[in-house]
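1. Output the structure for:
(4 chains)
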Amino acid sequence: MLLRSRLVRPLLKANVRYAAGTEGPNNAILEMLKINKEEEAQSPDKNPYKIRAFTSAIKVISELDHPIQSAIEAKALKGVGPGILRRIQDFFDTSGHTPDVLDPAAADQLKRNRVARAELEQVTGIGPVKARQLVAAGCMTIEQLKTPPYLEMLTTTQQRIGVTYFHHLGERVSRAEAETVAQFIRDAIPSKYEVIIGGSYRRGAATSSDIDLIILHPDHVHVPVPLGTPSKVSTVSATKRNGALPASLLQSEVVPALQTRGILAAAMSSGDLKWQGIVLVPEPTDDQWGERQRRLAAIESGQGVYRRMDLNLVAQKSRGAALIALTGDTEFNRDVRIRASKVGMHLNEYGLWRWNENSEENSEEEGKDDSAGFWELVRAHTEEEVLRELGMEYVEPVKRNFSLVLGKGPARMKAKGKKR
DNA sequence: GTGACATCGCATAATT
DNA sequence: AATTATGCGA
DNA sequence: GTCAC
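-> Got it, this is the predicted structure:
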């Protein structure tokens, strides 16, 4: 009897007693901040950076695993400054909200939950939100993730694949593996395609977390123009703004060819410009690639070496900008893009853009059209062009490993990227 | 105190 | 059904 | 609104 009840209700109920229908220990505060954020978002003269600041504070507080005891405690978090402090202070004062006090046992449980969340977040597709849900439901290890009822909580294909291939994805990708895959793909698709290995491989790393491929074809010429204005470039994705275009070469030719050849093990996402998923690293046999049937059978049974791979279809015109964006590293990209915005331009993976104001007359003639100008592509074809336009000397890919340099130096601890 | 704040693709959930 | 927001990754 | 300077 006692044994049975323990099996059915494992020890965790005590720590998931946050108010029903909520998911975190600071839900009341978060709701309050979300209202503040929404007010700013609705304001006619809204400050996008202020909205972002609210978002950032909400995020960092939502990741806390315990109730905030005092406004001062929150102030210590990165992203919480005087403004949020004041709001939390007011909230405590006016709402009569009294934070729960933790006893040692509860504190211990919270610590275990924190460890569990960190473990679950190692699975690609599981971030802070999903990890919290899982731990709240009682899932404490990746092993448990593979069993009901937790497996059913993994709703996205990305999460399912992340669990299935977790062991493989923990392995680093060697340069040889990246080269093998890239060469196989070159052999599998028409010779008009050009395949470049980007990412940390191109920066000279001995091993990488994934295989990042840049694919060019003379017939793929689509270069989307940024939406919005310099002060607020829209984040609407290209798929939205493009509406219905003919299926891209990636979807009509590249992906099908690779499927046929039996190296695509699973697709996490697959669009007109980008494919993300798992590749089976093919084994060269003598001077030829092994049997396609053998690979398909291997994928079926989970045998072989699997790695994360990204395919990016890029227009020739965007080659330079795309190489910069897809080579990284993150800190280098941030630095270059900041330089662009400092001189009133916009850099994305499609190119370096300049904003042209419409003249008064133009605006008048357009009638009620309040669009104040248009984006003009300045440079994009080569990395050197783009960097030169920004007043920079060319930087060898191998010298773009800013994260390492800045990581151990003073200041500049801004990186909010993930460990993976 | 003041100037600067990365950008985007895709999948899914939520909302209208 | 269509649009918008969120989550996540890079 | 927050942070680095």
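
2. Start from the N-terminal end of the stretch 151-300 of chain A and give the strands.
-> In the stretch 151-300 of chain A, the strands defined using DSSP state E, counting those that start in this stretch lie at A:173-174, A:194-197, A:207-208, A:211-216, A:228-229, A:232-233, A:264-270, A:274-280, A:284-285, A:288-289.

3. what's the closest of those strands to DNA strand C?
-> strand A:211-216 (5.7 Å; CB to the nearest atom of the strand). Any C-beta I mention is one placed from the backbone N, CA and C, and that applies to glycine too.

4. which strands and helices sit next to that closest one?
-> If you count contacts as 3 or more CB pairs under 8 Å, 6 or more residues apart in numbering; DSSP states H and E, strand A:211-216 packs onto helix A:175-188, strand A:194-197, helix A:199-202, strand A:306-314, helix A:319-327.

5. got a markdown table for those, with distance to DNA strand D too?
-> Formatted as a markdown table, the helices and strands packed on strand A:211-216 follow (distance: least, CB to the nearest atom of the strand, whole Å):
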| stretch | distance to DNA strand D |
| --- | --- |
| helix A:175-188 | 34 |
| strand A:194-197 | 33 |
| helix A:199-202 | 25 |
| strand A:306-314 | 31 |
| helix A:319-327 | 23 |
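
6. can you redo the ones you listed as a markdown table with mean pLDDT and mean neighbour count?
-> Output for the helices and strands packed on strand A:211-216, formatted as a markdown table (pLDDT from 0 to 100; neighbours: other CB atoms under 10 Å):
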| stretch | mean pLDDT | mean neighbour count |
| --- | --- | --- |
| helix A:175-188 | 93 | 18 |
| strand A:194-197 | 94 | 18 |
| helix A:199-202 | 90 | 22 |
| strand A:306-314 | 91 | 23 |
| helix A:319-327 | 90 | 23 |
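
7. And those: which comes nearest residue A:85?
-> helix A:319-327 (36.9 Å; CB to CB).

8. My guess is residue A:378 contacts residue A:350. True?
-> No - counting by CB atoms under 8 Å, residue A:378 stays clear of residue A:350, with 11.6 Å between them.

9. what phi and what psi does the backbone show at residue A:139?
-> Here is the backbone geometry of residue A:139 (degrees, to the nearest 10): phi -80, psi 120.

10. OK, contacts around the residue in the stretch 51-200 of chain A positioned nearest to DNA strand C?
-> Distances between the stretch 51-200 of chain A and DNA strand C by CB to the nearest atom of the strand are smallest at residue A:127, namely 2.4 Å. Shown in contact with residue A:127 (CB atoms under 8 Å, 6 or more residues apart in numbering): residue A:121.

11. who in chain A is up against DNA strand C?
-> Within chain A, the positions adjacent to DNA strand C are A:121, A:124-131, A:158, A:199, A:209-210, A:212, A:240, A:276, A:308, A:310, A:417-418, A:420 by CB under 7 Å from any atom of the strand.
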